[in-house]
Structure formats: structure tokens, C-alpha cells
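K.L.:
Model the following, please.
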Amino acid sequence: QVQLVESGGGLVQPGGSLRLSCAASGFTLDYYAIGWFRQAPGKEREGVSCISSSDSRTYYADSVKGRFTISRDFAKNTVYLQMNSLKPEDTAVYHCAASVLCGDEYDYWGQGTQVTVSS
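P.N.:
Numbers count the residues shown, from 1 in each chain. All right, here's what the predicted structure looks like:
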């Protein structure tokens, strides 16, 4: 069964950090670009970051550039999103998704993990 599972979300104070994980089962992430998306209540889904499959090139939304870092661990079949200097506006459900290329249609999606930034 092909599955993506996110973990690592939670409640954190402004300025804090979290590391989200996107673990794959049923397929290898090596050949996929992995994107992170987020959706806050009442807002449209927003692309946050993506890491390509071939050369692990990374892309970031302007809103998170310099604060978030995407990376992949091939041995663990997992992609991470390190989030630092978190702000209340980062509060959302974060999803990871797999595609052939960053920006293309995403074939597989995880269920999401809640990130809440609040004092």
C-alpha cells in the first residue's frame, strides 16, 4: 500500500522550532520530488517547499525562506521540514506530497500534521 505519513507537528511558542517528517511506505521516495504544503482554516492551500528527486534542489515560498529547511534521508525513505523562528501565521495543517517534478501534479498525499504557533 502506497502511503505518506507526516509527523512532528504540535504546539510551539513563537520563535520556536519544529521538525516535520514525511515517511513513505509502499514505494521509495528516491525517484520523487517531495513537496510540503500547508492549509490554514479559511485559507487556500499554500506550497511551502519542495525538494527535487534528481539533484535534491530545494525551493521555498518567500514566506518561509531563511526559516525553513527541507532535506531528505534516502536510507530512511523520509523527507524532513525543519521549521525555525516560527510565527503565528505558520499555524496550519502541513501535508507532504510526492510528484515526478516540483510544481507538477502531485500523485500521493499524506493526511497532514497540525502545527500551532501560539503563546
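K.L.:
among the helices and strands of the protein, which has the poorest mean pLDDT?
P.N.:
When each helix and strand of the chain is scored by mean pLDDT, DSSP states H and E, strand 106-109 comes last, with a mean of 94.
K.L.:
so what does that strand touch, helix or strand wise?
P.N.:
With contacts taken as 3 or more Cβ pairs under 8 Å, 6 or more residues apart in numbering; DSSP states H and E, strand 106-109 sits against strand 3-7, strand 92-99. (Glycine included, C-beta is placed from N, CA and C.)
K.L.:
Nearest to the spatial middle of the protein, which residue is it?
P.N.:
Note on the chain: the residue nearest the mean C-alpha position is W36, at 3.0 Å, using Cα atoms, centre = their mean.
K.L.:
quick one: contacts for that one?
P.N.:
L20, C22, G47, V48, S49, C50, I70, V79, L81, Y94, H95, C96 (Cβ atoms under 8 Å, 6 or more residues apart in numbering).
K.L.:
how far away is it from L86?
P.N.:
Applying Cβ to Cβ, to the nearest Å, the value for W36 to L86 is 14 Å.
K.L.:
Helix, strand or coil: sort out the residue nearest to the centre of the chain for me.
P.N.:
Following DSSP: H, G, I helix; E, B strand; the rest coil, we place W36 in the strand state.
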